[in-house]
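Chemist: Here is a sequence with its predicted model. Questions after.
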Amino acid sequence: MKKHLEARWHDLQDSLWFVPAIMTSTAIVLALLLVRVDQRLLLDRRANVAWLFGGGAEGARGVLAAIAGTMITVTGVVFSITIVALQLASSQFSPRVLRNFTGDRGNQFVLGAFIGTFTFALLVLRSVRSATEDGQLFVPSVSVTAAIILALACMGLLIYYIHHAARSIQASVVIERAARDTFALIDVLFPEAVGRPSGVSATAESLPTALGATVRAVDSGYVQAIGEDVLFDLAERHALVVRLEPRIGEFVLPGAPIATVWPASVGDDCHDAIRGGVVLGSERTSRADVELGIRQLADIALKALSPGINDPTTATICIDRLAEALVRLACRPRPQEARASEDGKSRLVLQGPPWERLVEVAFAQVRHYGAADATVIEHLVVTLGRMTSLVPADRRGPLVREACLALAAARQQSGVAADAERVEAAGAWIRACESGQRPIAEA
């Protein structure tokens, strides 16, 4: 249940309406409180305070009406700019980066400020009373002054938003944001450790040899999160061994296996509890999905290499960021897949993202669609060579393989002898790796 709530909370934080809704609710409460403060003040003494609004009822109405009308107009403009930015990001970069735009705190705060100021001015406007109307003259000086201050603050936010929107659609900023989120997720070390490592990986020898019970999914969706603590406590409490079959980010079909449990005689209640520990959703999220972060950077590179965009420089920047992410990941110790209880018995097995799969996701499609561009392929091969000098020896194999495939693709696509020579020269380090020597970049 906790992981489900965390997933929903994560969705709320990335939505465009949540923060503006909170700020609008705050504006409503603030308007009611300040009007109440005005009602308790001595109205005939308000002129003694220089910074308070000193006009009459008609003046207060005019000011509040102008603020309300301006704010709702500017809100429409801000919303239109946001939609345009989302369309540009989707078409020029990747649909996978849209969540970064909708979850941007700057966009959410500016929208909330404008809508909140409009709501505040509208509520204060309804409390203004003139002497000719039924009842006593009432001009909420404090509230009108607060509305003016909020309007001035919104003008400052409008200037900030124009700058922020212009920068947010720049390729370097989009790539930096996607890379930063990926680096932060790698630093968390997915999956998180649960219990005490058993000292062995999740191989057939570390698991029971008897036939286990298969827990099947009821619904479909992408695996967004796994409640490791809940599943480990369940396994320890009932003396079970639970192996999760899908990885974070994989799509689960209805009826597909999501876990294998030993012993096989476990009851339906445990099956339901295991299903509840796997959070499924309609889309992949970057909260725990390392592969998605790498996929975002690769997709931006693919968009840049498309004939409609034709921006190889952006593709090379993405290659650099992908290399940084993979080197950071390769230099971390591999997390234990098997988690053990205090008695040393394995209780929970989680499958992490394979290194070979991450390298393929990062470079396979970039290598395929960039094969005709000698500059991109040369940069890719050189970058892979630099990576081999920075990662442990047991993780160099997939990098060398990608470099060899990149050279093979370039040989098929290249029609200029000079370009072919450049690419071949960039791959000189591969022969050193194949002969068992240190990479040239390392020597």
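Modeler: Yes, it's here. Fair warning: this is a prediction, and the values are worked out from it, not measured in the lab.

Chemist: name the helices or strands packed onto the helix ranked longest in the chain?
Modeler: Across the chain, the helix with the greatest residue count (assigned by DSSP state H) is helix 57-92. Here helix 57-92 touches helix 98-102, helix 105-125, helix 141-168, going by 3 or more Cβ pairs under 8 Å, 6 or more residues apart in numbering; DSSP states H and E. Heads up, the C-betas are built off the backbone N, CA and C, glycines and all.

Chemist: and that helix, average pLDDT?
Modeler: When pLDDT is averaged over helix 57-92, the result is 87.

Chemist: Distance from the chain centre to it, please.
Modeler: 27 Å (Cα atoms, centre = their mean, to the nearest Å).

Chemist: One more: stretch 226-239?
Modeler: The answer for stretch 226-239 is 28 Å, by Cα atoms, centre = their mean.

Chemist: what do you get for stretch 422-437?
Modeler: 37 Å.

Chemist: Need the winner for burial among the helices and strands packed on helix 57-92.
Modeler: Greatest average neighbour count among the helices and strands packed on helix 57-92 goes to helix 105-125 (a mean of 23), per mean count of other Cβ atoms under 10 Å.

Chemist: Restricting to C-alpha, output that helix in CSV.
Modeler: Output in CSV follows, covering the C-alpha atoms of helix 105-125 (Å, rounded to 0.1, in the frame of the first residue of the first chain):
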residue,chain,number,x,y,z
ARG,A,105,8.2,23.5,-10.3
GLY,A,106,8.7,26.8,-12.1
ASN,A,107,5.8,26.2,-14.5
GLN,A,108,3.6,25.0,-11.7
PHE,A,109,4.4,27.9,-9.4
VAL,A,110,3.8,30.6,-12.0
LEU,A,111,0.4,29.1,-13.1
GLY,A,112,-0.6,28.8,-9.4
ALA,A,113,0.5,32.4,-8.7
PHE,A,114,-1.6,33.9,-11.5
ILE,A,115,-4.7,31.8,-10.8
GLY,A,116,-4.4,32.4,-7.1
THR,A,117,-4.1,36.2,-7.6
PHE,A,118,-7.2,36.2,-9.9
THR,A,119,-9.1,34.2,-7.3
PHE,A,120,-8.0,36.5,-4.5
ALA,A,121,-9.0,39.7,-6.3
LEU,A,122,-12.4,38.2,-7.2
LEU,A,123,-13.2,37.3,-3.7
VAL,A,124,-12.1,40.6,-2.2
LEU,A,125,-14.1,42.4,-4.9
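
Chemist: Return the list of helices and strands in contact with that helix.
Modeler: So helix 105-125, by 3+ Cβ pairs under 8 Å, 6+ apart, packs with helix 18-40, helix 57-92, helix 141-168.
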